[in-house]
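K.L.:
this one's sequence-less:
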């Protein structure tokens with residue numbers, strides 16, 4: 001028992017550009033961008049930018065606000081965005097959706 005060099009768990013990540021289709025911003029909680037890949041909802045990703053880049057993102061979000069919720073996501077409490085914003089997201093290789 002205990003840690004050995006015989007077996008190691010290594011997580012492999014992938015970075016990919018996806019469409020930002022919505023945002024969730026709640027007081028006291030980290031902001032989340034909702035992502036889609038070729039029209040397929042992939043999940044949410046935390047916004048981990050420093051303050052200046054985060055402010056620049058929110059300025060771009062303001063210009064895209066007002067879209068209707070995508071099919072099947074109407075219950076999601078989010079600010080839905082018009083097409084045109086793309087973000088790069090890092091996620092576990094082999095996963096169907098973002099966590």
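P.N.:
It's in. Everything numeric here is computed off the predicted structure, so don't read it as measured data.
K.L.:
so what's the backbone phi/psi at the nearest residue to residue 24 once chain neighbours are set aside?
P.N.:
Leaving out its chain neighbours, the residue that sits closest to residue 24 by CB to CB, 6 or more residues apart in numbering is residue 32, at 4.4 Å. Any C-beta I mention is one placed from the backbone N, CA and C, and that applies to glycine too. Backbone geometry at residue 32, expressed as degrees, to the nearest 10, gives phi -130, psi 140.
K.L.:
For residue 32, give the beta-bridge partners.
P.N.:
The partner list for residue 32 in beta bridges (DSSP bridges) reads residue 24, residue 46.
K.L.:
quick one: it and residue 98, what's the gap?
P.N.:
According to CB to CB, to the nearest Å, residue 32 and residue 98 sit 10 Å apart.
K.L.:
Between these two, which contacts overlap?
P.N.:
Taking CB atoms under 8 Å, 6 or more residues apart in numbering as the criterion, residue 32 and residue 98 both touch 44-45.
K.L.:
any idea how far the residue nearest the centre of the chain is from residue 9?
P.N.:
Nearest residue to the geometric centre of the chain (CA atoms, centre = their mean): residue 45, 2.8 Å. From residue 45 across to residue 9, the span is 23 Å (CB to CB).
K.L.:
Report how many residues lie close to residue 21.
P.N.:
If you count neighbours by other CB atoms under 10 Å, residue 21 ends up with 23.
K.L.:
Mind pulling the model confidence for it?
P.N.:
We have a pLDDT of 95 for residue 21.
K.L.:
Now do the SS call for it.
P.N.:
Three-state call for residue 21 (DSSP: H, G, I helix; E, B strand; the rest coil): strand.
K.L.:
Contacts only, for it.
P.N.:
Residue 21 makes contact with 34-36, 41, 67, 70, 80-81, 83, according to CB under 8 Å, 6+ apart.
K.L.:
ok, of those, which come out buried?
P.N.:
34-36, 41, 70, 80-81 (16 or more other CB atoms under 10 Å).
K.L.:
tell me the least confident of those residues?
P.N.:
Note: of those, the lowest pLDDT belongs to residue 70, at 87.
K.L.:
I'd guessed that one sits against residue 42; true?
P.N.:
No. At 11.5 Å, residue 70 does not count as touching residue 42 under the criterion of CB atoms under 8 Å.
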